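Asker: one predicted model, sequence on top.
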Amino acid sequence: MERTELEKIRLEKIERMRAEGIDPYPTTAHPTHRAMEAIHLFEEMEKTGDPEEKIEVTLAGRIRANRPMGKIVFIHIEDSTGRIQLFFRVNNIGQDGLKRIKEDFDLGDFIEATGTLFRTKTGEISVLVDSFRMLAKAVTPLPAAKDEVVDGQVIRHAGLTDSETRYRQRYADLAVNPDVRKIFQVRAGTVRALREYLDNLDFLEVETPILQPIYGGAAARPFVTQHNQLKQELYLRISFELYLKRLIVGGIDRVYEIGRDFRNEGVSYKHNPEFTQLELYMAYADYHQIMELTENMLAYVCDNVLGTRTIQFRGNTINLSPPWKRLELRQGLIETTGIDINQHPTADSLEAAMKAKNYPFKPGSARGKLIDALIGDYLEPTLLEPTFLYDYPRDISPLAKSKPGDPTTVERFEGFVAGMELCNAFTELNDPLDQEQRFIEMGRDYESEDEERHPMDEDYLRAMSYGMPPTGGFGMGVDRLVMLLTNQQTIREVLLFPHLRKVEE
RNA sequence: GGGCGCGUAGCUCAAUGGUAGAGCAGUGGCCUUUUAAGCCAUUGGUUCAGGGUUCGAGCCCCUGCGCGCUCACCA
């Protein structure tokens, strides 16, 4: 491994320490408190305790700031709870200790220090250190970053900002950019809140196959892999849908899964090849009830994770309190495009109408695809406030139940926030004969687009044949929800290790 | 996959086609309550890679690699 000058200097320090009998990588640490615990402990003592009481603590953390001043040294250490200052004074640690702290320790090293809590002249709660030792020496220096605290706000000067380095070396990014850690705390809290909400409604969380012999439940190209011994082709799942509805048939009448989906498609600010999805299915519910569940669930997440239902996203202030706006798809398109899709029951007719208005489209597309293009180009960007867009064309919704009395439309909705699609839900198609017909239609209408076609799933049809109760289903991109909650403009910022091209080292 | 932009010290950034610099980090020194500590001195470069034009290339041209934005794709 090639080493930089800075690294060579630190490697020499390691050698020197070893020669002096100091282990730069001891096996254990014995902290008595975390950084914030120690600070709170001291504050508590100041309020109610005896001010003469000495509170002894042993803390462990990473050195993030180092200010030697002659015969004293100030060092800030950090753990995941926050930062605390260590104060080293020759009077307490002796000449040898002073030499140690100044010569052996660098920014980025892990240190354990024991001493008593006190306030410095400037009022910062600190540890007056009596003894300390190396916990782990860092060879590679962390990207330089200095933090200035102004009115409680941490201003970082010249930190690590290059996005490629940040994603490829997420460990360095996390180590120096506390805001990044915060995003993943919100992410964890979001998933936890979703689980809590559904568990409280008596949903059962399950795990279904990721490696599937037949993929389905969405129109996407799958990743293909191979089972060596079985000599069988397998697909990484593109959705959970078909398995979860089998469970509804089996009597698990409230069921959900949170997990990874894989789609072999383009990467963009809102697409990653693998992403986290929440899907839920609720028997005896229809899509209206799922709308209510959705808005209540997201309000619950906001309350528990952010403590507010008002979020900032791309300069918009958005309130996620129920009820969300309900907008019929047909009406929304009339308002934004001037086209009434009900007057164009065929693809040819709709294409002509779009052509007349100079709207872009892919010639020869199915009617549903044309409608989808209109939504994406003209309607979706206008849906800033939380909105359920409902009643979708049948031919782009092969797993959704038809609307009574309207054979071209299904009971489906998508939820939009800040102009971004967040979730997709419908009254599930539970008529096995209709479902078979849909698979056949898909095969015919999308014949040319082989890779997007729904493969016929005979076993799924058999499950339907056993009888599935009326059911509402719902799917949501968890990454996109986290983007909204953390005001991040790209999915990569809410993934710890986003997909990047391989690079030759 | 197409278009546009970017790639310089560990980090953040400069540099009309003419000796590659700064701040921070590092190293040496001073400094017993600092907090972007301060002061003095100082080290550090395959300018993403390869080719070309030129007396001379970080800069201009070509190819490749990577990243970003965008379009396409993505029920």
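Answerer: Thanks, I have the structure now.

Asker: lowest confidence element among the helices and strands of chain A?
Answerer: The helix or strand of chain A with the poorest confidence is strand A:153-157; it has a mean of 62 (mean pLDDT, DSSP states H and E).

Asker: what residues does the nearest residue to residue A:232 once chain neighbours are set aside make contact with?
Answerer: Excluding the flanking residues, the one nearest residue A:232 by Cβ to Cβ, 6 or more residues apart in numbering is residue A:213, at 6.9 Å. Every residue, glycine included, has its C-beta placed from N, CA and C. Taking Cβ atoms under 8 Å, 6 or more residues apart in numbering as the contact definition, residue A:213 lies against A:232-235.

Asker: are any of those buried, and if so which?
Answerer: By neighbour count, with 16 or more other Cβ atoms under 10 Å, those hold A:234-235 as buried.

Asker: could you export the contacts of residue A:213 as CSV, including pLDDT, secondary structure and distance to residue A:140?
Answerer: Conversion of those to CSV gives the following (pLDDT from 0 to 100; DSSP: H, G, I helix; E, B strand; the rest coil; distance: Cβ to Cβ, whole Å):
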residue, pLDDT, secondary structure, distance to residue A:140
A:232, 89, strand, 44
A:233, 88, strand, 43
A:234, 90, strand, 40
A:235, 92, strand, 40
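
Asker: can you map out the helices along the stretch 151-300 of chain A?
Answerer: With helices called from DSSP state H, counting those that start in this stretch, the stretch 151-300 of chain A shows them at A:163-168, A:170-176, A:178-200, A:241-249, A:287-301.

Asker: okay, the residue of the stretch 1-150 of chain A found nearest RNA strand B: pLDDT?
Answerer: Of the stretch 1-150 of chain A, the residue with the smallest distance to RNA strand B, taken as Cβ to the nearest atom of the strand, is residue A:70 at 2.2 Å. Predicted confidence (pLDDT) for residue A:70: 91.

Asker: equivalent analysis for residue A:4, please.
Answerer: Model confidence at residue A:4 (pLDDT) stands at 87.

Asker: burial measure for it, as a count.
Answerer: With neighbours defined by other Cβ atoms under 10 Å, the count for residue A:4 comes to 11.

Asker: likewise for residue A:478?
Answerer: The local packing of residue A:478 (other Cβ under 10 Å) involves 20 other residues.

Asker: quick one, what contacts the residue nearest to it when sequence neighbours are not counted?
Answerer: With Cβ to Cβ, 6+ apart as the measure, residue A:276 is the residue that lies nearest to residue A:478, at 4.1 Å, once sequence neighbours are left out. Neighbour list for residue A:276: A:191, A:258-261, A:477-479 [criterion: Cβ under 8 Å, 6+ apart].

Asker: just residue A:290 next, same as before
Answerer: With contacts defined as Cβ under 8 Å, 6+ apart, residue A:290 is in contact with A:282, A:413, A:425-426, A:472-474.

Asker: hey, what's residue A:427 bridged with?
Answerer: In this structure, residue A:427 bridges to residue A:472 when assessed by DSSP bridges.

Asker: circling back to that earlier point, distance check, the residue nearest to residue A:478 against residue A:264.
Answerer: Distance, residue A:276 to residue A:264, using Cβ to Cβ, to the nearest Å: 17 Å.

Asker: okay, and which of the contacts of residue A:276 map to strands?
Answerer: Where those overlap with strands, as defined by DSSP state E, the overlap consists of A:258-261, A:477.

Asker: need the buried ones from those selected in ChimeraX.
Answerer: ChimeraX command restricting the ones in strands among the contacts of residue A:276 to the buried ones, with burial defined by 16+ other Cβ under 10 Å:
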select /A:258,259,261,477
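
Asker: closest to RNA strand B among the contacts of residue A:290?
Answerer: Top of the list for closeness to RNA strand B, among the contacts of residue A:290 and by Cβ to the nearest atom of the strand, is residue A:426 at 9.8 Å.

Asker: what is the burial count for the closest one?
Answerer: When counting by other Cβ under 10 Å, one arrives at 24 neighbours for residue A:426.

Asker: got a list of what it touches?
Answerer: A:287, A:290, A:392, A:397, A:399-401, A:410-413, A:472-473.

Asker: for stretch A:412-432, how far is the first residue from the last?
Answerer: Distances were taken as Cα to Cα, to the nearest Å; on that basis the terminal residues of stretch A:412-432 are 18 Å apart.

Asker: off-centre distance for that stretch?
Answerer: Its chain's average C-alpha position is 20 Å from that of stretch A:412-432, according to Cα atoms, centre = their mean, to the nearest Å.

Asker: is RNA strand B within reach of it?
Answerer: Yes. Using Cβ under 7 Å from any atom of the strand, a contact is recorded between stretch A:412-432 and RNA strand B, made by residue A:424.

Asker: just the buried residues of that stretch, please?
Answerer: Buried residues in stretch A:412-432, counted by 16+ other Cβ under 10 Å: A:412-430, A:432.

Asker: quick check: mean pLDDT across it?
Answerer: Here the mean pLDDT over stretch A:412-432 is 93, rounded to a whole number.

Asker: and if you look at stretch A:42-49?
Answerer: Across stretch A:42-49, pLDDT averages out at 88.

Asker: how about the residues of the stretch 251-400 of chain A near RNA strand B?
Answerer: Counting by Cβ under 7 Å from any atom of the strand, the residues of the stretch 251-400 of chain A close to RNA strand B are A:263, A:265-266, A:268-269, A:271, A:360, A:362, A:368-369, A:372, A:376, A:396-399.

Asker: state the mean pLDDT of stretch A:477-485.
Answerer: Across stretch A:477-485, pLDDT averages out at 94.

Asker: residues contacting it, please?
Answerer: For stretch A:477-485, the surrounding residues in contact (Cβ under 8 Å, 6+ apart) are A:183, A:186-187, A:190-191, A:194, A:258, A:270, A:272, A:275-278, A:298, A:301-302, A:305-306, A:311, A:313, A:318, A:417-418, A:420-423, A:488-491, A:493-495.
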